[in-house]
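Colleague: Mind looking at a prediction? Sequence and model below.
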Amino acid sequence: MNEAEEEKHSMAFLLFVEFDTTSEANATMILECLSDMADLVHRDYPNVYTYAFRYADETKKKLFFTEIYADEEAFLNHGRDPEFGKLLLKGFDGTTGKSRKELCIRPDINTPLSSITANILENYLHVTYIPVQQGFFHRNSTEKREVEILIVCTGCDENVYEQLNALVDCVTCLQFEESDGRKQLIAVITNISSKTQPMKEKNLSINTMEIVCSNEEAIRKFQDLIENYFQIQFIRNQTNFSGYIRHQFLS
């Protein structure tokens, strides 16, 4: 990674939001708005690497949002778009629900943000800043993209990060801890190894894993692989979501 890439990496951040809607109808409407917003963002803002929204559980009233920005400029520019603003007001007018959790994952939470970005994140979104323990927000893959899988893991053992990166090609992989001390991991995967890899440590445990991917065969292949290396208490597969997992202009 050269100096420019390192500086870019230091400016990237990830937003993870849990949003409680007031009804299933509102949840559906919000996801429809987010789908239109994602089409706009994907068309005009390639530095928004990931922009994925989905139901959190079977009740279809709770939603998960995962957004990865190359830098503050990407975050601010997409939010200034007039068309984006109209859709945002339609979906989030104050009556459709409220956030339960808003995390902003950053490389270094002590590095100051611009006043406008900080104001949006802290006073509008009310985020909790979480530092990355290890990982990367974006790197180019050396292999042709064969899948697009987003995983969100909670309750990870210490060496889950290393073992996962030995098994699959991640273009995003971040390990962090919330206030409860449990290790969590969010990754975007573009290739799955077909070769048997040495197990760095036996019986590595993951409490929950959400697998987001529109391709059921890719999910099956990934799940078959990881179940040989990890003990996962609960897996939730998500084939329906709004937005995109990996911007098409990225390698």
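Modeller: Structure's in. What do you need?
Colleague: Leu15 reaches Ala74, doesn't it?
Modeller: No: between Leu15 and Ala74 there is no contact under CB atoms under 8 Å: 11.8 Å. In short, each C-beta sits where N, CA and C put it, glycine included.
Colleague: Nearest the middle, which residue of the protein would you pick?
Modeller: In the chain, the residue lying closest to the centroid (CA atoms, centre = their mean) is Thr66, at 3.8 Å.
Colleague: Please list all residues in contact with the spatially closest residue to that residue that is not a sequence neighbour.
Modeller: What sits nearest to Thr66 in space, not counting adjacent residues and going by CB to CB, 6 or more residues apart in numbering, is Ala52, at 4.9 Å. The neighbourhood of Ala52, defined by CB atoms under 8 Å, 6 or more residues apart in numbering, consists of Phe65, Thr66, Glu67, Leu150, Val212, Phe241, Ser242, Gly243, Tyr244, Ile245.
Colleague: Out of those, name the ones that lie in strands.
Modeller: In this view, those that belong to strands under DSSP state E are Phe65, Thr66, Glu67, Leu150, Val212, Ser242, Gly243, Tyr244.
Colleague: all helices of the stretch 51-200 of the chain, in order?
Modeller: Taking DSSP state H, counting those that start in this stretch as the test, the helices found in the stretch 51-200 of the chain are 72-80, 82-91, 115-119, 160-167.
Colleague: Against which helices or strands is the lengthiest helix in the chain packed?
Modeller: Ranked by residue count and defined by DSSP state H, the top helix of the chain is helix 24-44. Contact here means 3 or more CB pairs under 8 Å, 6 or more residues apart in numbering; DSSP states H and E; on that basis helix 24-44 packs against strand 13-21, strand 48-55, strand 62-69, helix 82-91, strand 97-106, strand 242-244.
Colleague: 10 Å instead?
Modeller: Where contact means 3 or more CB pairs under 10 Å, 6 or more residues apart in numbering; DSSP states H and E, helix 24-44 is packed against strand 13-21, strand 48-55, strand 62-69, helix 72-80, helix 82-91, strand 97-106, strand 242-244.
Colleague: Next, the angle from that helix to strand 48-55.
Modeller: 160 degrees (axes from the mean of the first three to the mean of the last three CA atoms, to 10 degrees).
Colleague: hang on, Glu162 packs against Tyr229?
Modeller: No: counting by CB atoms under 10 Å, Tyr229 is not a contact partner of Glu162; they are 11.1 Å apart.
Colleague: the more surrounded of these two?
Modeller: With neighbours defined as other CB atoms under 10 Å, Glu162 and Tyr229 compare such that Tyr229 has more, 19 against 14.
Colleague: So the more buried one versus Ser193, what's the distance?
Modeller: From Tyr229 over to Ser193 the distance is 11 Å, taken as CB to CB, to the nearest Å.
Colleague: Repeat that for Cys33.
Modeller: For Cys33, the distance to Ser193 equals 38 Å [CB to CB].
Colleague: When the two are compared, which one has more neighbours?
Modeller: Legend: neighbour count by other CB under 10 Å for Cys33 and Ser193, higher for Cys33 (20 against 12).
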